[in-house]
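*Asks:* Have a look at this prediction, sequence included:
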Amino acid sequence: MSQPRADYDNPWQEVLERCFRECLALFLPQAHAEIDWGRTPIFLDKELRQVTPRPPGPQFWG
């Protein structure tokens with residue numbers, strides 16, 4: 001009987017999307033200062049997964 005996989009990615013992704021501006025200010029202040037915050041960021045995580053190759057072997061992400 002297999003156990004359900006733990007979902008560690010989605011909670012972090014949600015936090016980063018909700019607090020993106022604050023996270024950049026904290027961890028990358030120079031990048032934060034150069035961003036035009038008048039435009040709303042668009043997160044392209046699903047598009048990135050479509051164009052990146054999957055490595056051989058077991059898959060550990062969704």
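*Replies:* In hand now; what should we look at?

*Asks:* Helices along the protein, start to end?
*Replies:* 9-18, 20-27, 29-34, 45-51 (DSSP state H).

*Asks:* same for the shortest one, what does it pack against?
*Replies:* The one in question is helix 29-34. Applying 3 or more Cβ pairs under 8 Å, 6 or more residues apart in numbering; DSSP states H and E, one finds that helix 29-34 makes contact with helix 20-27. Placement of C-beta: from N, CA and C, glycine included.

*Asks:* Point out the other helices and strands that the helix it packs on packs with.
*Replies:* Secondary-structure packing of helix 20-27 (3+ Cβ pairs under 8 Å, 6+ apart): helix 29-34.

*Asks:* For the helices of the chain, could you give me JSON lines that also reports distance to Q3, mean neighbour count and mean pLDDT?
*Replies:* What follows is those, written out as JSON lines (distance: least, Cβ to Cβ, whole Å; neighbours: other Cβ atoms under 10 Å; pLDDT from 0 to 100):
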{"stretch": "helix 9-18", "distance to Q3": "17", "mean neighbour count": "11", "mean pLDDT": "87"}
{"stretch": "helix 20-27", "distance to Q3": "31", "mean neighbour count": "13", "mean pLDDT": "95"}
{"stretch": "helix 29-34", "distance to Q3": "39", "mean neighbour count": "10", "mean pLDDT": "97"}
{"stretch": "helix 45-51", "distance to Q3": "24", "mean neighbour count": "9", "mean pLDDT": "77"}
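
*Asks:* Cool, thanks, talk later.
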